[in-house]
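Asker: Sequence and predicted structure, then a few things I'm wondering about:
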Amino acid sequence: MRTSSPTRSSYVLAVAVALVGTVIGVTGQASAQRAPEPRAAAAAGATLPFSSTEAESASTTGQKIGPDYTQGTLASEASGRQAVRLSSGQSVEFTLDRAANAVNVAYNVPDGQSGSLAVYVNGTKLDASLAVTSKYSYVDTPWIAGAKTHHLFDNARLLLGRSVQAGDKVKLEAASTEVTVDVADFEQVDEPATAPSGAVSVVDKGADATGQQDSTQAFRDAITEARAGGGTVWIPAGDFKLDSELSGVENVTIQGAGSWHSVVHASRFINQSSSAGKVTIKDFAVVGEVTERVDSNPDNFVNGSLGPDSRVSGMWLQHLKVGLWLTGNNDNLVVENNRILDTTADGLNLNGSAHGVQVRENFLRNQGDDSLAMWSLNAADTDSAFANNTISQPNLANGIAIYGGSDITVKDNLISDTNALGSGIALSNQKFADPFFPLGGTITVSGNTLVRTGAINPNWGHPMGALRVDAYDSAIEANVNITDTTIKDSPYSAYEFVSGGGTGKDVKNVTVDGSAVDGVGTVVVQAETPGAVTMSNVTATGSGAAGVYNCPYPEGSGTFTLTDGGGNTGWDTTWDDCSAWPEPDSGN
């Protein structure tokens, strides 16, 4: 969904800093007591079937670019904010840390160009090469305030045709065009699976496994037959083209031979407003042809409802507008172990009415909006969770965004490299449209790791923190519990408490307990609106300008009360000039 914000006036004010309990940032060290050792955090992120290596850490004859945090630059959208630019004939060589027979590469080529990367294994050139193109990059969204040309990277994958062992070397060499290589994912892909007993094959219904002819009707016929008995539609290894979307999907399993083997080429897969549910979709790829973002088009893998008690797993979703845009009844839906790459908008959005939905163990890279979002429009999302997901490089919004809803959990996720208009995690009452249901009940944010997250908001003209609590259109009334968070190398602040509309609505009922903050460009706490938070066991090293920025806006709207719950260290100073934003201590 969109995450634009109105232009915000400059902050020029004097603020009464209200700190109760033992004071942080005014009287020096928060407590005479010895701070406890940081609590051990559970491993954050998904368990992934591949191993990633950054190009800048590999051997190369090319030019390393970055780090850079400037919106619209190539390095700013790269993983780690660095990459390697290869001119024709230059190469980058990776040493594998485990066996693999496949590679997926995040790359960029100049606008309007296409080409290839030659692939070498231990010095021997393979017959196959990696095709690279700018076709799916350089997306413009001028109707979103603050947007620039973005979505600069893309992903391309290749089965190597052989097994490469740990310690072996895989080299990528630019052929006829300049290629910037960001990161390579190496994976051991299983052989194609066989059809389950009794499954209805789409090929038997007339589908073309070469991808030359439209197979929509064959898929529809297979679904109709399998649905009658709660059976399985089988998509064998091959390429299948769908020129039209599917509907009436319920009481059925749609299964492929594996996401590297069964590939459906479709920009719209399922589009239906309702379903009786009990749908399972698993183990194939849906690769679209979406090259621009048109919000009125349902250019999504799933648009609407799968119905209650459904499951999506083992999918590779790429070049779509949104992976899953979920409306209507999706009660108890499980979305797990999927890859969602190169979407022009969200990776997944629970767009109201979501109850008991579990989104877990997914990998998302290069979204053009929020990677994972819950938006409580028309009805509240309730009792739902984003857990153990790995998110990299959302380039126009947040890693995870919770816009309203009740009793929501965001747990054990790994989020890195947000860009423009985005935090790693945003908890927000920004409604965008009505009827909207603000945050309510208990919002649990636990065990998350945020790396290089937060960005300059080009509309506000000031930073967004790695983790943002935002009373944009209404005060935060929910109980927000943020525990055991790791924040590393945030280019600006760690925690931001704000009323993004600039109207000074309260952020209340927030506790932060247990956090390791390692490196922030400006401050640990960025408080910009009235309200209150209690912070305990927050340890910080490498704070840039100060520990606390406490300047509620607009002037005279109230104070922000920061209560020390004990165990806080390393952020006991306060930025004392509310007429100016602290500058990062490096060139971020």
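Answerer: Structure received.
Asker: CA atoms for contacts and neighbours, from now on please.
Answerer: Noted.
Asker: can I assume E56 sits in a helix?
Answerer: Yes - counting by DSSP: H, G, I helix; E, B strand; the rest coil, E56 falls inside a helix.
Asker: Which parts of the chain are helices?
Answerer: In the chain, the helices defined using DSSP state H lie at 216-228.
Asker: Give me the most central residue, it.
Answerer: With distances taken as Cα atoms, centre = their mean, the residue of the chain nearest its centroid is S371 (3.1 Å).
Asker: what residues are up against it?
Answerer: By Cα atoms under 8 Å, 6 or more residues apart in numbering, S371 lies in contact with 346-348, 364-365, 391, 394, 397-400.
Asker: Quick check: N459 touching A145?
Answerer: Yes - the criterion here is Cα atoms under 8 Å, and N459 meets it with A145 at 6.8 Å.
Asker: returning to that earlier point: per-residue pLDDT of the residue nearest to the centre of the chain, please?
Answerer: S371 carries a pLDDT value of 98.
Asker: Next, work out how far apart it and Y553 are.
Answerer: To Y553, S371 is 29 Å away according to Cα to Cα, to the nearest Å.
Asker: And V538, by the same measure?
Answerer: Following Cα to Cα, the distance that separates V538 from Y553 is 25 Å.
Asker: So which of the contacts of S371 are in strands?
Answerer: Those of the contacts of S371 mapping onto strands are 348, 364-365, 391, 400, per DSSP state E.
Asker: and these, which are buried?
Answerer: Among the ones in strands among the contacts of S371, those buried by neighbour count (16 or more other Cα atoms under 10 Å) are 348, 364-365, 391, 400.
Asker: Now for T539: which residues touch it?
Answerer: Per Cα under 8 Å, 6+ apart, neighbours of T539: 38, 514-517, 567-571.
Asker: contacting residues for G368?
Answerer: 150-151, 342-346, 394-397.
Asker: For those, give me a markdown table that also has distance to E245.
Answerer: Listed next are the contacts of G368 as a markdown table, based on distance: Cα to Cα, whole Å:
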| residue | distance to E245 |
| --- | --- |
| H150 | 28 |
| H151 | 26 |
| D342 | 20 |
| T343 | 18 |
| T344 | 19 |
| A345 | 19 |
| D346 | 19 |
| P394 | 27 |
| N395 | 28 |
| L396 | 28 |
| A397 | 28 |
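Asker: Any idea how many residues pack against A433?
Answerer: The tally of other residues near A433 (other Cα atoms under 10 Å) stands at 9.
Asker: Check the contact between it and L377; I expect there is one.
Answerer: Yes - when contacts are counted by Cα under 8 Å, A433 is listed as touching L377 (7.2 Å).
Asker: Tell me how many other residues surround P49.
Answerer: Here the number of neighbours of P49 (other Cα under 10 Å) works out to 11.
Asker: Distance check, it against R85.
Answerer: From P49 to R85 the distance is 27 Å (Cα to Cα).
Asker: Kindly report the same for D412.
Answerer: D412 is 34 Å from R85, by Cα to Cα.
Asker: thinking again about what came up before, now, which of the contacts of S371 sits nearest G454?
Answerer: For the contacts of S371, the residue nearest G454 by Cα to Cα is N398; the value is 8.4 Å.
Asker: ok, that closest one - contacts?
Answerer: Here N398 is in contact with 369-371, 418-419, 421-426 (Cα under 8 Å, 6+ apart).
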